[in-house]
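A.B. asks: From the sequence below, what's the structure:
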Amino acid sequence: MARIRTIKPEFWDSPGVETLDFQWRLLFVAMWNWADDSGRGKAEARELMGFAFPRDEDMTVGEFRRGLGEVRRVFEVVFYKVDGRSFYFIPSWARHQKIDKRSAPRWPGPEEGQEYDPSTNLPVDQQESESRRDSAETPPRTRSEHSAGTGEQGNRGTGEGGTEGTEEADASSSSKTAPPPRPEVLKLCQHLADLMVGNGCKKPEIGKKWLDEARLLLDNDKRDFDEAMALIDWCQNHHFWRSNIKSMPKFRTQYDTLRLQREDQNGPKQNRATDWRDVSNQDHSEWTKGNQ
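C.D. replies: From the prediction side, this is the model:
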């Protein structure tokens, strides 16, 4: 049954919303109404399309599936299947929908199923694997192909190298002026990277985006450092979230969702360990010593 939900003014200016066609912006709002009090909803295409666009007779199921894929891309909605049935989960739900008397979840959570891309109906792992294979089979473009166009475009910058020399100079200048990251910012990033490697992932590059998001997590979001370290431990030991939290920007985006799910799993807050040293599966004393 559809429910009354809150639409904040900030939604219309959300990053990336300008890349969506108007009907898919409305689709995301309709998915709020369609979701239960935990931000989960049925994602059966025909049923959801009938709810969101009951009078749009010209819309096809294929077009609607592409729209769901766009919603997934921009708003990071998680689409997943449990026992052959399709569902979705809105990660930002807890931040934007305040419900005084929340009812029990009506639908299974994403941790109980397999994530898929609604635009292709393929499991995410399989789609990423096929994408990597296609990329590997595509021969790299030559230098002349990168500079295709007019002669002025190919030679813009210094010398015949186009913009490459300028970009390298800018990067060099930026690296000289950028201040070093604070120790706690670097530790958050390094900790997540280390646990990802421990889970069998390729070692991620800790770049400016990672460091900026970790700094904003502490300074703008006012998150406690020890609590953030503990939450990194929890999500990287969780069978679902360790395959979905693979960057510091994603960790910051999903922070409240992770925190609430950990509370639901571990019981009352006073019974939870609050020090990351108490909950980690690694020897943090050795880790700290090696990164001082």
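A.B. asks: so where is the stretch 1-150 of the chain shaky, pLDDT-wise?
C.D. replies: Within the stretch 1-150 of the chain, the stretches with pLDDT under 70 are 1-2, 100, 126-150.
A.B. asks: The same query, at a cut-off of 80, please.
C.D. replies: 1-4, 6-11, 13, 94-103, 125-150 (pLDDT under 80).
A.B. asks: need the strands for it, in chain order.
C.D. replies: 40-42, 78-82, 85-89, 114-117, 122-123 (DSSP state E, counting those that start in this stretch).
A.B. asks: Direction included, what does the second one pair against?
C.D. replies: Paired neighbours of strand 78-82 in the sheet (DSSP bridges): strand 85-89 (antiparallel), strand 114-117 (antiparallel).
A.B. asks: Residues contacting stretch 14-29 from elsewhere in the structure, which ones?
C.D. replies: 5, 7, 11-12, 52-53, 56, 67-68, 70-71, 73-75, 77 (C-beta atoms under 8 Å, 6 or more residues apart in numbering). The way it works is simple: take the backbone N, C-alpha and C, and place the C-beta from them, glycine included.
A.B. asks: coming back round to it: format the strands of the stretch 1-150 of the chain as JSON lines; extra columns: mean neighbour count and distance to residue 28.
C.D. replies: As requested, the strands of the stretch 1-150 of the chain are exported to JSON lines (neighbours: other C-beta atoms under 10 Å; distance: least, C-beta to C-beta, whole Å):
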{"stretch": "strand 40-42", "mean neighbour count": "21", "distance to residue 28": "11"}
{"stretch": "strand 78-82", "mean neighbour count": "21", "distance to residue 28": "13"}
{"stretch": "strand 85-89", "mean neighbour count": "20", "distance to residue 28": "10"}
{"stretch": "strand 114-117", "mean neighbour count": "18", "distance to residue 28": "16"}
{"stretch": "strand 122-123", "mean neighbour count": "14", "distance to residue 28": "22"}
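A.B. asks: Give me the nearest residue to residue 248, chain neighbours excluded.
C.D. replies: residue 210 (4.2 Å; C-beta to C-beta, 6 or more residues apart in numbering).
A.B. asks: returning to what we had before: would you mind listing which of the contacts of stretch 14-29 are buried?
C.D. replies: For the contacts of stretch 14-29, a burial check counting by 16 or more other C-beta atoms under 10 Å picks out 5, 52-53, 67-68, 70-71, 74-75, 77.
A.B. asks: What's the first helix or strand after whatever helix or strand residue 231 lives in?
C.D. replies: Element membership of residue 231, judged by DSSP states H and E, is helix 225-236. With elements assigned by DSSP H and E, the helix or strand that comes after helix 225-236 is helix 248-253.
A.B. asks: That following helix: how far from the chain's middle?
C.D. replies: 7 Å (C-alpha atoms, centre = their mean, to the nearest Å).
A.B. asks: contact partners of the host helix or strand of residue 265?
C.D. replies: Per DSSP H and E, residue 265 falls inside helix 255-266. The contact list for helix 255-266, computed with C-beta under 8 Å, 6+ apart, reads 91-95, 109, 111, 217, 221, 223, 228, 231, 234-235, 241, 245, 251, 269, 272.
A.B. asks: Excluding sequence neighbours, find me the nearest residue to the residue nearest the centre of the chain.
C.D. replies: Nearest to the geometric centre of the chain sits residue 250, at 4.1 Å (C-alpha atoms, centre = their mean). Spatial nearest neighbour of residue 250, excluding adjacent residues (C-beta to C-beta, 6+ apart): residue 244 at 7.3 Å.
A.B. asks: what does residue 119 give?
C.D. replies: Going by C-beta to C-beta, 6+ apart, residue 119 has residue 69 as its nearest residue, at 2.7 Å.
A.B. asks: So that neighbour sits against residue 118, correct?
C.D. replies: Yes: under the criterion of C-beta atoms under 8 Å, residue 69 makes contact with residue 118 at 5.5 Å.
A.B. asks: who has more neighbours, those two?
C.D. replies: Between residue 69 and residue 118, residue 118 has the larger neighbour count (other C-beta atoms under 10 Å), namely 22 against 18.
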